[in-house]
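1. just to be clear, the model below is a prediction. Sequence and coordinates:
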Amino acid sequence: MRMLEIALIGNPNCGKTSLFNQLTGSQQTVGNWPGVTVERKTGRLTLGGVSHELVDLPGLYNLSEGGAEDEALVRRYLGETAPALVLNLLDARQLDRQLYLTLQLIEMGLPLIVLLGMSDLAAQDGIQIDAPSLSARLGVPVIPVMAHRAEGVAVLRQQLQQSWPPAPPALPYAPMVEAALSGLLAQGMSRFDALSLLEGREAAHALQAEVTAARQQLAADYGDDPDIAVADARYTRIAQVTEGVLRRQGAVLPERGLDRWVLNRWLGVPVFMLVMYLMFSFSVRFGGALVDAFDGIAGALFVTGVGQLLHSMHTPDWLVLMLAGGLGEGVRTVAGFIPTLACLYLAMGVLEDCGYLARAAFVIDRLMRALGLPGRAFVPMMVGFGCNVPAITATRTLDSRASRILASMMIPFMSCGARLPVYMLFATAFFPQQGGMLVMSLYLAGLAVALATGLLLRPLLPQQGAPSIMELPRWHWPNARNVLRQSLTRLSGFVFGAGKLIVPMVLVVNLLSSIDTQGRLRPEAPDDSLLAATSRLATPLLSPLGIRQDNWPATVGLLTGVLAKEAVAGTLVASYSRLSGKQDSEGGEATVTGDLRNALATIPANLNDLAHSLLDPIGLGKAISDSQAQADEAGGAIQMLQQRFGNAQTAFAYLLLVLLYTPCVAALSALRSEVGTRWMLVSAVWTLSVAWLLAWLYQCSAAVIGVIPLWAVAGCLLLLTLIGFVQPQRQQLQRA
């Protein structure tokens, strides 16, 4: 049996991803569909020793004309590729609505198997479905499945191994629709194509007269527009199919009480901000408790261990510098990011899987429409808190190009996870008692600037902020396997994707900071290095922000951040460590076993501190209250950071610059792919200009009135953000 292509299709939030994972396991690949930027997800489905390609199509509600780019792609794929088999997954709780897509697939004449998903949740809601009777009425096999429990998957595999169904028989509609169809079907087209022409799809020139006559006949017989007549005929057929097959017992949904709070007009936004606060609190607090262990273990194995091994082999100093001080330190830097980002991705996965993120999009819909965006544009912006690249890519699901441009221009201001290590580094050095407030202030600042960008660009991209129609998935306990798999996928993407940039970047920084302007290897004199000389040329551009000429590592961090934001923290630590001179002096005293023992010892100590810091706003206070001791062990980078920046106000201005300035190369590439080169250049210039201007304004303000307390900064930003959320509702009430 040769390899065939199988399509998996269904409505959004019907459990399609879980079923795809169950059928393909780890044999998955992700790319783009030809000619467009919509993600193409495929996997190998092995049946009886023969592998077939399973294609996970983007979720959509129907195959009618219009809609977003991904919906048009699905129509083209089914019409032109004609897969050997289509698996149509339905949410059993909404059978009567989701059968609309099923009828359209039957009209196409594609071999079809209908899968009833979430049958257990339907039973809890008092819904019972007679699968054999439904199969008989549709003329296609119907198999109940519960992908999150792997139930019914074996039955599906067995069905596929035995035989594949033929093309389903046509289901007749109302006589007036069939009469209008008869002339078009005689032209040899499928029922779906003929019905699409009746609904208003543009016809070929040779068919225009016949299509116009058929539409006029149907409009006269039905008494309304032909597209409404076709939709009514399908829903009438659905009612006939489900009569006696679908039984409801009027169960009360337990989540209505919860929705009463999270979807409340006035409480929804505060609840949303509280949930976001708790998500970042979990990420920083629990992730921070493990950072020392990851950093110490990686340092013991890749820095101390490799360095001692090379010294024992009497290798040249430059090779030790490259492998231990360069590549080893790069791996150590990446390892230090893992705990915090893992907790962030885990928290986002839980919120997404339990159903809250969809409700958050509904709550923010009013604000999004005030900016000319649909409510679901909020989801890509939320993804931006993890990484801007997939967030920008996710804007392709928006209906119009103007919406995609506006969302893509706002996303770079959402503080991605790669910036979090920089915030923690400066919190350790300058804000040891206000680390939580610092992180919250920066995230709010990014959100406020993103909103301002949307308001400024909206007149340039006029469009109607039409109300969004969203399907809210049912509340349920997150599936641990799905959440872990999604989190591991995101984390591995960061480690192996960003790691490819961070490790060589740290290597280059270490080499350039160890070679002087005469080309000699002098790691003991980083101030005379090539890196220092080059960076001093650009440092005067930062002098209005309080960056002195001798603080050239700050410039290096910004330059490497354009290549990858993940490299900023590693570059700063590497540069200031070499300036402190403590990195090398302590290297000979360290041992692998001692470093490993010390690293593992930090876990119970940090967890014990965590248990006593439940009242800490974001869990950073105790974690970095003993930052000086940790800084000594890290090679003195913190002391040198404090010395070169001089004061907290300059440090905060620099953090504003890091938060807002030009996106990394990967994000710029995503912008170019989604909205074009022109808007990519606009984004690069706009973000850099806004970052420098706001950092300068903060520095000037702080110089006039003194150091501005972080609580005041956070309070003002929170007030501005809330005004942005409430203003659209106020305007709507005034118009009413």
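-> Looks like it arrived, so ask away. Residues are numbered from 1 along each chain as shown.
2. was I right about residue 140 contacting residue 164?
-> No. With contact defined as C-beta atoms under 8 Å, residue 140 does not reach residue 164; the gap is 11.3 Å. Where you see a C-beta, it was placed from the backbone N, CA and C, and this is true even at glycine.
3. in this structure, which strand has the most residues?
-> strand 39-47 (DSSP state E).
4. so for that one, mean pLDDT?
-> Average pLDDT, strand 39-47: 77.
5. sheet partners, orientation included, of it?
-> strand 28-32 (antiparallel), strand 50-56 (antiparallel) (DSSP bridges).
6. what's the first helix or strand after the last one?
-> Right, the one you point to is strand 50-56. With elements assigned by DSSP states H and E, the helix or strand that comes after strand 50-56 is helix 69-76.
7. number of nearby residues for residue 192?
-> Other residues near residue 192 come to 20 when the count uses other C-beta atoms under 10 Å.
8. mean pLDDT for the strands paired with strand 39-47: which is lowest?
-> Least confidently modelled of the strands paired with strand 39-47 is strand 28-32, at a mean of 45 by mean pLDDT.
9. what are the boundaries of the strands in this structure?
-> 5-10, 28-32, 39-47, 50-56, 85-91, 112-117, 127-129, 142-144, 246-248.
10. nearest the geometric middle of the protein, what residue?
-> Geometric centre of the chain, nearest residue: residue 383, 3.1 Å, by C-alpha atoms, centre = their mean.
11. which residue is the nearest non-sequential neighbour of that one?
-> Leaving aside its chain neighbours, residue 383 sits nearest to residue 391 (4.1 Å; criterion: C-beta to C-beta, 6 or more residues apart in numbering).
12. before we move on, what about residue 350?
-> In space, residue 350 is closest to residue 478, 4.8 Å off (C-beta to C-beta, 6+ apart).
13. the one you found reaches residue 354, doesn't it?
-> Yes. Residue 478 is in contact with residue 354 according to C-beta under 8 Å; the separation is 4.9 Å.
14. who does residue 529 form a beta bridge with?
-> residue 516.
15. contacting residues for it?
-> 512-517, 522 (C-beta atoms under 8 Å, 6 or more residues apart in numbering).
16. again, 10 Å this time
-> Shown in contact with residue 529 (C-beta atoms under 10 Å, 6 or more residues apart in numbering): 509-517, 522-523, 535, 552, 575, 578-579.
17. also residue 317?
-> Residue 317 is in contact with 310-311, 325, 514, 521, 523, counting by C-beta under 10 Å, 6+ apart.
18. tell me the one among these nearest to residue 637.
-> Nearest to residue 637 among the contacts of residue 317: residue 325, at 13.8 Å, using C-beta to C-beta.
19. top helix in the protein by residue count?
-> The single longest helix within the chain, with elements called by DSSP state H, is helix 268-298.
20. now stretch 139-150: average pLDDT?
-> Stretch 139-150 shows a mean pLDDT of 84.
21. buried sites along that stretch?
-> Under the neighbour-count criterion of 16 or more other C-beta atoms under 10 Å, stretch 139-150 has 140-148 buried.
22. before we move on, what about stretch 644-656?
-> Counting neighbours by 16+ other C-beta under 10 Å, the buried set in stretch 644-656 is 644-645, 648-656.
23. export those to TSV and tack on pLDDT?
-> As requested, these are exported to TSV (pLDDT from 0 to 100):
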residue	pLDDT
644	84
645	85
648	83
649	86
650	88
651	87
652	89
653	90
654	91
655	91
656	91
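24. tell me which two of the residues you listed sit farthest apart.
-> Going by C-beta to C-beta, the pair spanning the buried residues of stretch 644-656 furthest: 644 and 656, at 17.7 Å.
25. does residue 179 touch residue 229 like I think?
-> No. Contact between residue 179 and residue 229 fails when scored by C-beta atoms under 10 Å: they sit 11.3 Å apart.
26. what sits in contact with each of the two?
-> Going by C-beta under 10 Å, 6+ apart, residues that sit against residue 179 and also against residue 229 are 218, 221.
27. if you count what's nearby, which of these two comes out ahead?
-> Neighbour totals were compared for residue 179 and residue 229, and residue 229 leads with 22 against 13 (other C-beta under 10 Å).
28. burial count for the nearest residue to the more buried one once chain neighbours are set aside?
-> Beyond its immediate neighbours in the sequence, the residue positioned closest to residue 229 (C-beta to C-beta, 6+ apart) is residue 222, lying 3.9 Å away. For residue 222, the neighbour count with other C-beta under 10 Å is 18.
29. same thing with residue 677?
-> When neighbours are counted by other C-beta under 10 Å, residue 677 registers 11.
30. which secondary structure element of this structure has the lowest mean pLDDT?
-> Least confident helix or strand, the chain: helix 627-633 with a mean of 43, by mean pLDDT, DSSP states H and E.
31. and stretch 155-168, what's buried?
-> Result for stretch 155-168 [16+ other C-beta under 10 Å]: buried residues 156-157, 160, 168.
32. out of those residues, who's nearest residue 101?
-> Distance to residue 101, by C-beta to C-beta, is smallest for residue 168 among those, at 13.8 Å.
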